[in-house]
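Asks: the amino acid sequence is not available; the structure is as follows:
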């Protein structure tokens, strides 16, 4: 049997919350504004990191998904691995489990982006057509899906395949789409194509159907730096301890 190199996972399904906004509610009105003679069929929001982020052996994918989202166009806010870890621990404060290492969910990840002043609101995209529409016209998405054993080993062109058993849940950024593929950015270092990968739309719909989640948000234009609150200061101290242990 072929040995599979596994990478850390750490996404949990977001608990139900009736206050969540449904992106589909706003999609119809926005579509009227975006009517064009030739419909767009592909879009890729460029990832502007000098290198892919690396979450190490920690299941901090929710925090690193946030960092990838910020690095990505259309705004491009620089982030580091330390930011990814910091965002994860901020997620765990929202989860009510400070410093817990058992993973988080993408709603908490979106709330972190709100707390640091990078987004104003967020909404769940609850079906593929809404996800497609957002990627084509608005920007990247926060994704939480199952991750199959076969997806740990991309093809040479970066394509992943949901084969084998489900290994767990993973959070990743979706940053592009065309007529065949969804494109994503991961946080496992030089995995895939410099951290990037793609998945056939049919396979994406498959993994989305198994407790998959997608959150849409518009990053705000960069402004004045926001002061850290006490919780963030504590988290930064913890990150400094991680750095000393390396």
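Replies: Now that the structure is in, tell me what you want to look at. Just so it is clear, the model here is predicted, and its values are computed rather than measured.
Asks: OK, contacts around residue 65?
Replies: 106, 109, 142, 143, 171, 172, 173, 187 (C-beta atoms under 8 Å, 6 or more residues apart in numbering). Heads up, the C-betas are built off the backbone N, CA and C, glycines and all.
Asks: all strands for this protein, in order.
Replies: 43-44, 123-124, 141-148, 166-177, 181-185, 196-200, 213-216 (DSSP state E).
Asks: ok, and the helix or strand in this protein with the lowest average confidence?
Replies: Least confident helix or strand, the chain: helix 230-245 with a mean of 56, by mean pLDDT, DSSP states H and E.
Asks: could you list the low-confidence segments of the protein?
Replies: 1-4, 25-38, 222-246 (pLDDT under 70).
Asks: tell me the one of the contacts of residue 65 nearest residue 39?
Replies: residue 143 (23.5 Å; C-beta to C-beta).
Asks: is it true that that closest one touches residue 174?
Replies: Yes - in this structure residue 143 lies within contact range of residue 174 using C-beta atoms under 8 Å: 4.9 Å.
Asks: identify the contacts common to these two.
Replies: By C-beta under 8 Å, 6+ apart, the residues touching both residue 143 and residue 174 are 184, 214.
Asks: who wins for most neighbours among the contacts of residue 65?
Replies: residue 171 (32 neighbours; other C-beta atoms under 10 Å).
Asks: wouldn't that one be in contact with residue 61 here?
Replies: Yes - with contact defined as C-beta under 8 Å, residue 171 reaches residue 61; the gap is 4.2 Å.
Asks: which residues do these two both contact?
Replies: In contact with both residue 171 and residue 61: 10, 11, using C-beta under 8 Å, 6+ apart.
Asks: ok, back up a step: among the strands of the chain, which is nearest residue 156?
Replies: Between these, strand 196-200 lies closest to residue 156; by C-beta to C-beta that is 11.6 Å.
Asks: give me the contact list for the closest one.
Replies: With C-beta under 8 Å, 6+ apart, strand 196-200 has contacts from 47, 52, 151, 154, 157-162, 176, 180-186, 191, 207.
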